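Peer 1: What follows is a predicted protein model with its sequence.
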Amino acid sequence: MSFLTDEHEAVRQTVRKFTEEKVMPIADEYYRGAQEIPMDLIKQMANLGFFGMSFPEEWGGAGMDAVSMTLVTEELSRGWLGVGSVLTRNLITGTLILAHGTQEQKEKYLPGIVSGDILTAAAFTEPNAGSDTAGMQLRAVRDGDEYVFNGAKTWCTFANRAHILTVLARTHPDASLRHKGLSIILVEKEPGDHFHPPQLSGEYIPTVGYYGMRSFSLGFEDFRVPVANLIGGVENKGFYQLMATYEWARIQTAARAVGVAQAAFDAALKYSQERQQFGQAISEFQIIRHKLAHMRTQIEAGRQLTYYAARMKDMGQRCDLEAGMAKLFCAEMVEHVTSDAMQIFGGYGYSLEYPAHRFWRDGRVFKIFEGTSEIQAEVIAKRLLS
């Protein structure tokens, strides 16, 4: 890891200290109760500049590179996946505006997104269109200087606490155009669980894990949004805008997976040295030692893939292939590692007393969100065969 600079290491240590002091002490308690991340903790993250690290200084950011972003994400996720994932939403919306927004949109939204005063959520997925991004059906029909939204979105994580929903909508009436008829429009709302019924309704989706942020199904019924909130000011560019931002999102998601896997490994290693069976620590048994060896090797492979994709991003190179490979590998890796950690804990791993169940539940979601592993493999294959 010689390419990491002293600045990178300083960033890592700062975030690690924050995670160990502020996140880890509360993670298990909040997780067992399926509670949301305390807003005070999010505010502390904002005050430390975590939301703005990847954005230029002219908008209040730190101007740090993508590698720094992966380090911050990895360390926060090592404490609690939900905490590491809070950054994802602002990163997606912020990079979309930074790359494609009008000057007015940048001035209106970026300072708040960068500072963490504005929290965002991505409303891309629909009940009948998950991985099929081009198949989105939610309509945004222009009526004067407003768009009128009708349709549904689902799996909108953090929607209740967000000030802005970043919505992928169909702005061209011909659905057969698929990806050529989509636009990204910013929907402003007040934070809260009640949304704006009946024009905008939200229903909480209970899940088996990934606690800390709640996901919602959203219903839009004649909901009006200013035309000025169309990212870039030109319709039917949303699909192409989103594809570029997915590089950021998938690198960050791979880093989250590395963080969760590292946490599971650390817990399993410690437990294996403390747990006595047949007169010795279970770490003395070859099968446990080999599990630990394979777990650590897989984690490091995933970490280096993620760093490599981030370095390509920093060099201004196209990295959808590398980001996709990092996300695909790390999603598979974290499921294996957290499952093996659960096995090392034995019966205690299945209890709520130890954190192994938390890592295991969180580890499973990576093969589903930010593009399923099946879709991710198909995207990679298309690039390789093109």
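Peer 2: Here it is on my side, so go on. Numbers count the residues shown, from 1 in each chain.
Peer 1: From here on, just use CA atoms for contacts and neighbour counts.
Peer 2: Noted.
Peer 1: ranges for the strands of the stretch 101-250 of the chain?
Peer 2: When secondary structure is read from DSSP state E, counting those that start in this stretch, the stretch 101-250 of the chain shows strands at 120-123, 139-143, 146-157, 164-170, 182-188, 200-205, 215-226.
Peer 1: Next: the stretch 251-386 of the chain.
Peer 2: Shown for the stretch 251-386 of the chain, the strands assigned by DSSP E, counting those that start in this stretch span residues 276-277, 280-281.
Peer 1: Distance to Thr338 for those - can I get that in CSV?
Peer 2: CSV is the format used below for those (distance: least, C-alpha to C-alpha, whole Å):
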stretch, distance to Thr338
strand 276-277, 21
strand 280-281, 21
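Peer 1: can the ones you listed go into JSON lines with extra columns for mean pLDDT, mean neighbour count and distance to Thr120?
Peer 2: What follows is the strands of the stretch 251-386 of the chain, written out as JSON lines (pLDDT from 0 to 100; neighbours: other C-alpha atoms under 10 Å; distance: least, C-alpha to C-alpha, whole Å):
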{"stretch": "strand 276-277", "mean pLDDT": "92", "mean neighbour count": "12", "distance to Thr120": "47"}
{"stretch": "strand 280-281", "mean pLDDT": "95", "mean neighbour count": "13", "distance to Thr120": "47"}
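Peer 1: thought Arg358 was touching Tyr31?
Peer 2: Yes: counting by C-alpha atoms under 8 Å, a contact exists between Arg358 and Tyr31, whose distance comes to 7.4 Å.
Peer 1: Which residue ranges make up each domain of the chain?
Peer 2: For the chain, automatic domain parsing gives the domain ranges 6-115, 120-234, 239-385.
Peer 1: and the first one, what's its mean pLDDT?
Peer 2: Taken as a whole, domain 6-115 has an average pLDDT of 95.
Peer 1: so where do the helices sit in the stretch 201-350 of the chain?
Peer 2: Assigned helices in the stretch 201-350 of the chain, in chain order: 238-274, 286-314, 320-345 (criterion: DSSP state H, counting those that start in this stretch).
Peer 1: Can I get these in a markdown table including distance to Thr157?
Peer 2: Converted to a markdown table, the helices of the stretch 201-350 of the chain look like this (distance: least, C-alpha to C-alpha, whole Å):
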| stretch | distance to Thr157 |
| --- | --- |
| helix 238-274 | 14 |
| helix 286-314 | 23 |
| helix 320-345 | 19 |
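Peer 1: what's the closest of those helices to Gly192?
Peer 2: Comparison of the helices of the stretch 201-350 of the chain against Gly192 by C-alpha to C-alpha identifies helix 238-274 as nearest, at 25.2 Å.
Peer 1: got the angle for the closest one vs helix 320-345?
Peer 2: Computed with axes from the mean of the first three to the mean of the last three C-alpha atoms, to 10 degrees, the direction of helix 238-274 lies at 30 degrees from that of helix 320-345.
Peer 1: Same question for helix 238-274: list its buried residues.
Peer 2: Neighbour-count burial for helix 238-274 flags 238-239, 241-242, 244-265, 267-269, 271-272 (criterion: 16 or more other C-alpha atoms under 10 Å).
Peer 1: just stretch 3-18 next, same as before
Peer 2: Under 16+ other C-alpha under 10 Å, the buried positions of stretch 3-18 are 8, 11-12, 15-16, 18.
Peer 1: what does that stretch contact?
Peer 2: Contacts to stretch 3-18, defined as C-alpha atoms under 8 Å, 6 or more residues apart in numbering, come from residues 67-68, 71-72, 75-76.
Peer 1: what about 7 Å?
Peer 2: The set of residues that contact stretch 3-18 without belonging to it, under C-alpha atoms under 7 Å, 6 or more residues apart in numbering, is 68, 71-72, 75-76.
Peer 1: thought Cys319 was touching Tyr308?
Peer 2: No: Cys319 lies out of contact with Tyr308 (C-alpha atoms under 7 Å); the separation is 9.5 Å.
Peer 1: So which of the two has more stuff around it?
Peer 2: Between Cys319 and Tyr308, counting by other C-alpha atoms under 10 Å, Cys319 is the more crowded of the two (22 against 18).
Peer 1: quick one, what contacts Glu21?
Peer 2: Applying C-alpha under 7 Å, 6+ apart, we find Glu21 in contact with no residue.
Peer 1: Surely it is in a strand?
Peer 2: No: the secondary structure assignment for Glu21 gives helix rather than a strand, going by DSSP: H, G, I helix; E, B strand; the rest coil.
Peer 1: and the gap between it and Glu36?
Peer 2: Between Glu21 and Glu36 the distance, using C-alpha to C-alpha, to the nearest Å, works out to 18 Å.
Peer 1: same thing with Gln44?
Peer 2: To Glu36, Gln44 is 15 Å away according to C-alpha to C-alpha.
Peer 1: try Gln317
Peer 2: Going from Gln317 to Glu36 by C-alpha to C-alpha gives 37 Å.
Peer 1: Who has more neighbours out of those two?
Peer 2: More crowded of Gln317 and Glu36, by other C-alpha under 10 Å: Glu36, with 15 against 11.
Peer 1: And for the more buried one, nearest residue in space, chain neighbours not counted?
Peer 2: Gly212 (4.0 Å; C-alpha to C-alpha, 6 or more residues apart in numbering).
Peer 1: Just to check, that neighbour is in contact with Trp80?
Peer 2: No: with contacts defined as C-alpha under 7 Å, Gly212 does not count as touching Trp80, sitting 8.4 Å away.
Peer 1: Looking at the two, which has the bigger crowd around it?
Peer 2: Relative neighbour count places Trp80 above the other of Gly212 and Trp80, with 30 against 22, counting by other C-alpha under 10 Å.
Peer 1: Count the neighbours of the closest residue to that one other than its chain neighbours for me.
Peer 2: If you skip the residues right next to it in sequence, Trp80 has Ala27 as its closest partner in space, 6.0 Å away by C-alpha to C-alpha, 6+ apart. Residues contacting Ala27 under the criterion other C-alpha under 10 Å number 21.
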